[in-house]
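> Structure for this input, please:
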Amino acid sequence: MRICLRRREFITLLGGAAAWPLAARAQQRPAKPVVGFLSGTTEDSDASMLLSFRRGLVDVGYAEGRNVAIEYRFADGQYDRLSAQLTDLTQRKVSVIVSTVVVSGGILQQVRASPIPIVFVGGIDPVRFGLADRMNRPGGNVTGVNTLSGELSGKQLGLLHDLVPKAATVAALIDPKQPSAETITLPDARDATAQLAQKLLVLEASTAEEIDAQFANLDQKPADTMLVAVSPFFFTRAEQIVALAARHRIPAIYWRREFTEAGGLMSYGYDIADAYREAGRYAGRILNGEKPGDLPIIQPTRFELVINLKAAKAINFEIPPLVRALANEVIE
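Here you go, the predicted model:
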């Protein structure tokens with residue numbers, strides 16, 4: 001009787017001992033890693049880009065909801081929200097932050113001092129802004145994709161000149177809250193228009209009402225063509241800007257194809273979807289243990305010119321054969 005009891009006790013203890021390591025392993029199993037995503041625009045305007053970003057994560061083995069979680073923050077074009085949103089992601093101790101804004105909204109110092117790896121997507125020179133030591137080996141806690149969008153104004157103005165060779169005045173719609181406007185876009189635009197013997201009319205706007213007002217000012221100070229400069233805020237107002245350009249019958253060029261798809265006349269820039277996918281891949285590689293300082297900052301080598309013939313017809317404008325021949329894509 002005593003032997004049987006001891007045997008039962010032994011079996012019970014053995015079963016408990018076998019179960020204990022399993023329970024302990026379950027408690028010790030690491031939680032799903034979390035990626036923070038900070039955007040200066042809106043969830044709707046970023047929808048297609050987010051698909052590309054998630055595809056990039058999948059490329060290196062991470063699928064949202066399965067083995068990685070994503071915390072999204074959208075500033076909706078209101079830059080004053082960015083600092084608090086970046087602080088929130090930092091306090092949540094996410095594993096890596098992917099940010100489409102790093103110099104707007106006064107968050108540059110936060111990005112520089114971030115204890116969490118940051119992968120950026122944007123048209124900035126990271127060395128110039130003190131985010132990286134070198135392009136091929138950043139050396140710090142920041143890496144990403146420099147889309148060069150802020151540095152394309154000279155090329156875009158050249159295309160506008162090919163589009164309207166007799167244009168005497170070019171309007172540049174600028175967001176004064178976008179740091180690259182004063183440091184990169186406007187100096188390049190002034191140099192380009194000077195070389196083309198054109199006058200540059202600078203129109204500053206950082207609210208929807210100011211955009212309306214600046215277009216209305218074209219009635220008193222007309223321009224022959226327009227450059228819409230890089231700005232996350234302008235991207236959230238794409239439909240408004242495209243509609244106003246059509247109403248004022250002014251040929252305009254944009255930095256993202258989404259403007260052209262929304263009815264704008266012409267866009268020239270890097271395929272942003274590719275940039276978001278690369279950012280997703282980098283985020284995944286950092287989750288896999290690679291250091292951001294060892295990941296070279298990616299710069300595009302291929303740009304696309306997209307022309308919307310419907311938009312041209314709507315303002316009774318004829319696209320010159322030369323410009324049409326240069327297009328990578330024509331929207332009929």
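
> first to last residue in stretch 53-66, what's the distance?
End-to-end distance for stretch 53-66, by C-alpha to C-alpha, to the nearest Å: 16 Å.

> Stretch 163-179 now?
The first and final residues of stretch 163-179 sit 28 Å from each other (C-alpha to C-alpha).

> In it, which residues are buried?
163-164, 167, 169-175, 177-179 (16 or more other C-beta atoms under 10 Å). In short, each C-beta sits where N, CA and C put it, glycine included.

> and those, which of them are in strands?
Residues of the buried residues of stretch 163-179 located in strands (DSSP state E): 169, 170, 171, 172, 173, 174.

> Contact partners for the fifth one?
Translated: residue 173. 203, 205, 211, 214, 226, 227, 228, 229, 234, 241 (C-beta atoms under 8 Å, 6 or more residues apart in numbering).

> For it, list each beta-bridge partner.
For residue 173, the beta-bridge partners under DSSP bridges are residue 203, residue 228.

> From residue 167, how far out is it?
Distance check for residue 173 against residue 167: by C-beta to C-beta, to the nearest Å, it reads 16 Å.

> now, the most widely separated pair of the contacts of residue 173?
For those, the maximum inter-member distance is 14.4 Å, found between 211 and 227 (C-beta to C-beta).

> between these two, which one's more packed in?
Under the criterion of other C-beta atoms under 10 Å, the comparison of residue 211 against residue 227 puts residue 227 first, with 26 against 20.

> Skipping adjacent residues, who's closest to the more buried one in space?
Distance criterion C-beta to C-beta, 6 or more residues apart in numbering; nearest residue to residue 227, sequence neighbours excluded, is residue 172 at 4.7 Å.

> correct me, but the one you found touches residue 203?
Yes. Using C-beta atoms under 8 Å, residue 172 is in contact with residue 203, at 6.7 Å.

> Wait, residue 38 touches residue 88, no?
No. Assessed by C-beta under 8 Å, residue 38 is found out of contact with residue 88, at 9.4 Å.

> shared neighbours of those two, anything?
Common contact partners of residue 38 and residue 88 (C-beta under 8 Å, 6+ apart): residue 73.
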